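In: below is the structure, and that's it, no one-letter string:
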């Protein structure tokens, strides 16, 4: 268990820097609130690894460290329990707010740090309300009734009848990030997402590509009918509205706008300047090290970049296994304020510059997929229609076959690269 500290959660050096920057921070905060959202997107950071190794402390330390550099930072907790509240020394039963809120002054945190807790049910509620708004604005129900000569008495299902299906959370979270953070009028430099399991983080990364694939397949099916051709533009306009909270911008068709939004979502989780996975592990803990390695592999399969490894209770050299990722070592039982002091100012910038999207090389007769630290026995390759499906570490990726190829001739994994021969 990591120690709790007394007083401010900012180390003196960070507190002094934060105090010196307060006037600039307040000026920038006021300007950001009054001005439209900047054109640049915030970088999304998520910590992954085995439970109990300190992912929440790492996420909070990174958030506080970045905010103390006069950056607007949103710490977004998906925890069902009160782990973040405990780490922040918030007295029970106090919980983090459910909307982005500046950290309370009594916590001794930078004024540019915003805290928020979100739950699956709240994400579902938010998505449902946006769907209702889209139906009211664009008349989906009316369009379907018109297209079917009123034979389909369509209406949105009641919210209480919609089940929260396992695996649905990453889809809801991505929609929330796009709608309320990335494409909203709020501005953040950094968004730290804490509380995701490795599987959830990988699904979050894989969701945009999967959604784009499903939208293209569904569009082809829907266009095959007269009713579908009538309904489709309305649905696409509504989908754009749900994703961005503003479907009226731009001069492209509804389908082009939706594709652009999905492309942007895919870029969000595959571009190292916009998304970074931070592996968290513990020195001398083989299970934690293996879990971090699997997390790296799972994100790589999904196409998401990792940039750093956070080593609890070890030396930076202990992170050599995860080279070339940036490594940071912390004391085993360090308090949160001590962890903040350990984080170099350049940590996130170094992680961004070190990280690259896991490469996928496609040639006419071969696919090469980067699979860092993934055991050969964990890799499964199969053919599904016109796509090669690669599965490993609980994650999967569908890769379209190059033109003129229809079969998998063989596959081998060597030196962290999976090579798939095609015929």
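Out: Done, it's in. Remember, predicted model here, so these are calculated numbers, not experimental data.
In: all helices of the stretch 251-400 of the chain, in order?
Out: Assigned by DSSP state H, counting those that start in this stretch, the helices in the stretch 251-400 of the chain fall at 254-270, 286-302, 336-342, 347-354.
In: out of those helices, which one sits most buried?
Out: Counting by mean count of other Cβ atoms under 10 Å, helix 286-302 has the highest mean neighbour count of the helices of the stretch 251-400 of the chain, with a mean of 23. From N, CA and C alone the C-beta is placed, and that goes for glycine too.
In: so for that one, mean pLDDT?
Out: Helix 286-302 comes out with an average pLDDT of 91.
In: then stretch 69-83?
Out: Throughout stretch 69-83, pLDDT has a mean value of 93.
In: ok, back up a step: of the helices of the stretch 251-400 of the chain, which is nearest residue 65?
Out: Closest to residue 65 of the helices of the stretch 251-400 of the chain, according to Cβ to Cβ: helix 336-342, at 5.3 Å.
In: tell me what that closest one is packed against?
Out: Contacts defined by 3 or more Cβ pairs under 8 Å, 6 or more residues apart in numbering; DSSP states H and E place helix 336-342 against helix 12-20, helix 55-67, strand 326-330.
In: between helix 347-354 and the last one, find me the angle.
Out: The reference is to strand 326-330. 150 degrees (axes from the mean of the first three to the mean of the last three Cα atoms, to 10 degrees).
In: adjacent strands (with direction) for strand 326-330?
Out: strand 306-312 (parallel) (DSSP bridges).
In: now do the strand it pairs with against helix 55-67, angle only.
Out: Angle, strand 306-312 to helix 55-67, by the same axes, to 10 degrees: 120 degrees.
In: coming back round to it: quick one: closest of the helices of the stretch 251-400 of the chain to residue 396.
Out: helix 286-302 (6.7 Å).
In: relative to strand 306-312, how tilted is that closest one?
Out: 170 degrees.
In: now do helix 286-302: everything it contacts.
Out: Outside helix 286-302, the residues that touch it by Cβ atoms under 8 Å, 6 or more residues apart in numbering are 48-50, 53, 198-199, 201-203, 205-206, 269, 277, 279-282, 305-306, 309, 321-322, 358, 369-374, 378, 390-397.
In: separate out the buried members of those residues.
Out: By neighbour count, with 16 or more other Cβ atoms under 10 Å, the contacts of helix 286-302 hold 48-50, 53, 198-199, 201-203, 205-206, 269, 277, 279-282, 305-306, 309, 322, 358, 369-374, 390, 392-397 as buried.
In: hmm, residue 423 is touching residue 405, no?
Out: Yes - if you go by Cβ atoms under 8 Å, residue 423 and residue 405 touch, sitting 6.6 Å apart.
In: what is the neighbour count of the nearest residue to residue 319 once chain neighbours are set aside?
Out: Take residue 319 and drop its neighbours on the chain: the residue closest to it by Cβ to Cβ, 6 or more residues apart in numbering is residue 327, 3.1 Å away. Counted with other Cβ atoms under 10 Å, residues neighbouring residue 327 total 22.
In: adjust the sequence numbering to begin at 50 for everything that follows.
Out: Will do, 50 is the new start, and the previous item becomes residue 376.
In: what is residue 376 paired to in the beta sheet?
Out: With DSSP bridges as the criterion, residue 376 is bridged to residue 358.
In: confidence score at it?
Out: So, for residue 376, pLDDT stands at 91.
In: what residues of stretch 425-435 count as buried?
Out: Buried, per 16+ other Cβ under 10 Å, within stretch 425-435: 428, 430.
In: that older thread, which one of the helices of the stretch 300-449 of the chain lies nearest to residue 144?
Out: Between the helices of the stretch 300-449 of the chain, helix 385-391 lies closest to residue 144; by Cβ to Cβ that is 17.6 Å.
In: quick one: contacts of stretch 452-471?
Out: Outside stretch 452-471, the residues that reach it (Cβ under 8 Å, 6+ apart) are 413-423, 425, 428, 430-432, 435, 437, 439, 450-451, 472.
In: point out where the stretch 250-399 of the chain drops to low pLDDT.
Out: Scanning the stretch 250-399 of the chain with the threshold set as pLDDT under 70 gives 261-308, 365-367.
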